[in-house]
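Predicted model, plus sequence, below.
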Amino acid sequence: MPGAPRWRGIAGYSLAGLFAVYALYRTDVFARAASVSGSLWFPGFREYVFSHTPLCRPDCVYFSLGDRESRTRNPVLQTVLESTETICRSYRKQGIHTTFQLNPGGHHDHPVERTAAGIGWMAKEPAGNL
């Protein structure tokens, strides 16, 4: 039956995962987001999240990282786990239904499966009951 969608979501992997979260602050179109191996290490992004408000309060947000992603020689990339966990905690404190999945492996391990898991999680969450 035709009608308005119950919700719209955005999902992305790596830099697209960063964009999925950023989109919450730049448009009111998305009620859900999945950031899979999101580049939340991006300089200034964590500060941006804490100094801005999403244009539409999300129903739910999904985060996923590989457990080896922060084990790198690059000091900027080393912050990905801390930044992701900090943003998750902040969303939870705001009452936003948020989950964080730490998966075995590095950034390039199982991107398709992990992205599908994030999209599946968004799809299973009940609309309006969060």
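Received it, and whenever you're ready, just let me know what you need.

Let me see the ranges of the strands in the protein.
For the chain, applying DSSP state E gives strands covering 9-13, 32-36, 60-66, 97-103.

Just checking: what are the partner strands of the first one?
Yep, that's strand 9-13 we're talking about. Here strand 9-13 is paired, per DSSP bridges, with strand 32-36 (parallel).

now the strands of the chain in a markdown table, with mean pLDDT, mean neighbour count and distance to residue 110?
For the C-beta atoms, the positions are set from N, CA and C on the backbone; glycine is no exception. Output for these, formatted as a markdown table (pLDDT from 0 to 100; neighbours: other CB atoms under 10 Å; distance: least, CB to CB, whole Å):
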| stretch | mean pLDDT | mean neighbour count | distance to residue 110 |
| --- | --- | --- | --- |
| strand 9-13 | 98 | 22 | 10 |
| strand 32-36 | 98 | 28 | 10 |
| strand 60-66 | 97 | 24 | 8 |
| strand 97-103 | 97 | 17 | 7 |
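
do you know which of the ones you listed lies nearest residue 19?
strand 9-13 (5.4 Å; CB to CB).

circling back: can you add distance to residue 75 and give the strands of the chain back as a markdown table?
Listed next are those as a markdown table, based on distance: least, CB to CB, whole Å:
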| stretch | distance to residue 75 |
| --- | --- |
| strand 9-13 | 23 |
| strand 32-36 | 21 |
| strand 60-66 | 17 |
| strand 97-103 | 21 |
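
right, so of these, which gets closest to residue 119?
Using CB to CB, the strands of the chain put strand 9-13 closest to residue 119, at 5.1 Å.
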